[in-house]
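**Q** Provided below are the primary sequence and the corresponding predicted coordinates.
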Amino acid sequence: MHWLVPKEEKFFEMLTEQSENALEGAKELRAFVNDYSKFERSERKSKAHVIKSIEHKGDEITHRIIEKLNKTFITPIDKEDIHQMAVLLDDVIDLINAVALRFVLLGVERIDGHIIKLVDIIHSSVAELNKSIPDLRKLKDMKGHYVKIHSLENEADDVYHEALSELFHFYKNSIDIIKYKEIYELLESITDKCEDVANVVESIVVKHA
Amino acid sequence: MHWLVPKEEKFFEMLTEQSENALEGAKELRAFVNDYSKFERSERKSKAHVIKSIEHKGDEITHRIIEKLNKTFITPIDKEDIHQMAVLLDDVIDLINAVALRFVLLGVERIDGHIIKLVDIIHSSVAELNKSIPDLRKLKDMKGHYVKIHSLENEADDVYHEALSELFHFYKNSIDIIKYKEIYELLESITDKCEDVANVVESIVVKHA
Amino acid sequence: MHWLVPKEEKFFEMLTEQSENALEGAKELRAFVNDYSKFERSERKSKAHVIKSIEHKGDEITHRIIEKLNKTFITPIDKEDIHQMAVLLDDVIDLINAVALRFVLLGVERIDGHIIKLVDIIHSSVAELNKSIPDLRKLKDMKGHYVKIHSLENEADDVYHEALSELFHFYKNSIDIIKYKEIYELLESITDKCEDVANVVESIVVKHA
């Protein structure tokens, strides 16, 4: 049993493309932070450019989805849900790109354990989102995906708070505090965004089940 | 005269529960900042935990509201309004929790007069919101509540700007500037959020009056 | 051929008024930053007050639009579009006001080339938005306006990134870093907001064309 009428199948394919693009971005970000300290400044820039091109692709997919939505007659609620999913998945990719670029722009020199942990959580969260899309198509119960993404978001919160506390209790260099505060905040906001997508996915299933 | 059909009464009760929970959070935050300087670090943490548990309750109420909305047939506009009110009230509670935790994480040592004033304004604003809910049920004129919350938000803006100006003109320690800037911003954003709720409340009354 | 029925003409006029008010704000901001270094602190304050009064006017226009929307029967989608355009144009004005005030509150002493460039881009972007409104009324193709605003936003991104990189690679004074980071962020967010308006304008035309 599918909830999609034939002309809506195309949207489903585009959302899949978008979520796979997000996962690609999360993977590149993980490689980026893991190898960061081995890179020269110029290599960091070129790695950030790879993520930038993923972000461009995301923009292009979102634009295609919105254009198609505007030309398609489907019920307003579903239309709004698809639009919201497209925009939120695009936000995930934009934030992944923003944080990679930020490392370079702010001249971050040292990747700490909090950053590695947060990026791992982001990767797991985007991977779980990506797995939820085929289940959405089949209107399977989303509880499992939702609970996993929600608990990853809580985990990210804890790491973020720990990182922030360490920053303000042990760092003396205020420029470092500004840099890492910005990086941690951006990373944490990505897991929030993944949870927003999961919320929309769950509500679609509840409505159509 | 009520605008709610019987099955919508339940939403009204849940929104009341949510706004009372927000008021509880605002009261705890006020107690927290007023007694902050008397507390040891461990007491501060345990006080912040009390607010955290209020935030958990808020999450749970919001989730119940959304689940019920997804299973209930009511007109789309009202559905959207209820959803928005639930989410915005939850945001108020989340921000109250975030700011309490931030004091602890950032190792804030001194509560200044701007913080006390902002927290008092937040408390008044949430209390006014809470008073507006029974009037919403009866579709009474919301002008009084709206004007009060709007003027509290303006007051908070003025305190925030004064605090920011003092910070950048008299403080020399950049780590303190980072800390207090963050605290002031978070506090000010709570009164903005209260105004967002008031906007939704007013628009519901206008539509149904 | 117009897409507006007679009673909707009024909304169109109010949106025009709002976008002209935004342009007025962008012009004042440009004059403000260009002459900033010649001004005394008191003159800076009074110039910021001029922009504050434009922001007040924007609030008042938005409130009138929302009140009228709530009392008018038009199709839900258009109603939502008009509401969104009113709110987003108001956000543009609010941000212009916020950044002007921020210069004064943070005690910014030096306007750099990045700020001048960003403010020029903001002005061009708001001017383009303003030109798009009469074309929206006639349902003309929005592609030209949209492409222009989108490319201005990309240009602003580049300037913002360059500014941020310079800040973190060459500045040694952390209080200056905090100040300019805040100013650059606010300026960049205005061009994002202009693009949001352009997105809504384009989607209205697509739907009604």
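**A** Received the coordinates, thanks. Numbers count the residues shown, from 1 in each chain, chains lettered A, B, ... in the order given.
**Q** alpha carbons only for contacts and neighbour counts from here, please
**A** Fine.
**Q** Quick check: which ranges of chain A have low pLDDT?
**A** With pLDDT under 70 as the threshold, chain A has low-confidence stretches at A:1-8, A:74-77, A:209.
**Q** Do a quick rundown of the helices in it.
**A** Remark: helices of chain A, listed N- to C-terminal, are A:6-35, A:41-71, A:76-105, A:113-137, A:143-170, A:174-208; assignment by DSSP state H.
**Q** could I get these as CSV with distance to C:Glu55 and mean neighbour count?
**A** Supplementary listing: the helices of chain A in CSV, determined by distance: least, Cα to Cα, whole Å; neighbours: other Cα atoms under 10 Å in any protein chain shown:
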stretch, distance to C:Glu55, mean neighbour count
helix A:6-35, 38, 19
helix A:41-71, 32, 18
helix A:76-105, 29, 20
helix A:113-137, 39, 20
helix A:143-170, 36, 18
helix A:174-208, 30, 20
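**Q** Chain C: which of those is closest?
**A** When these are compared for distance to chain C using Cα to the nearest Cα, the nearest one is helix A:76-105, at 4.5 Å.
**Q** So which elements touch that closest one?
**A** Helices and strands touching helix A:76-105, by 3 or more Cα pairs under 8 Å, 6 or more residues apart in numbering or on different chains; DSSP states H and E, are helix A:6-35, helix A:41-71, helix A:174-208, helix C:143-170.
**Q** now the angle between helix A:76-105 and the third one, please.
**A** Which is helix A:174-208. What separates the directions of helix A:174-208 and helix A:76-105 is an angle of 160 degrees, with axes from the mean of the first three to the mean of the last three Cα atoms, to 10 degrees.
**Q** could you check the angle helix B:41-71 makes with helix A:174-208?
**A** Using the same axes, to 10 degrees, the direction of helix A:174-208 lies 30 degrees away from that of helix B:41-71.
**Q** Helix A:174-208 near chain B anywhere?
**A** Yes - applying Cα under 8 Å from any Cα of the partner chain, one finds helix A:174-208 in contact with chain B at A:Ser174, A:Ile177, A:Ile178, A:Ser203, A:Val206, A:Lys207.
**Q** could the residues you listed go into a markdown table alongside distance to C:Glu17?
**A** Conversion of the residues of helix A:174-208 next to chain B to a markdown table gives the following (distance: Cα to Cα, whole Å):
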| residue | distance to C:Glu17 |
| --- | --- |
| A:Ser174 | 45 |
| A:Ile177 | 44 |
| A:Ile178 | 41 |
| A:Ser203 | 39 |
| A:Val206 | 43 |
| A:Lys207 | 41 |
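**Q** Among those, find me the one that's closest to A:Ala86.
**A** A:Ala86 lies nearest to A:Ser203 out of the residues of helix A:174-208 next to chain B, by Cα to Cα, at 15.0 Å.
**Q** From A:Ile65, how far out is that closest one?
**A** Distance of A:Ser203 to A:Ile65, given as Cα to Cα, to the nearest Å: 20 Å.
**Q** quick one, what contacts A:Gly25?
**A** With contact set as Cα atoms under 8 Å, 6 or more residues apart in numbering or on different chains, A:Gly25 has these partners: A:Ile51, A:Ile54, A:Glu55, A:Ile93, A:Ile96, A:Asn97.
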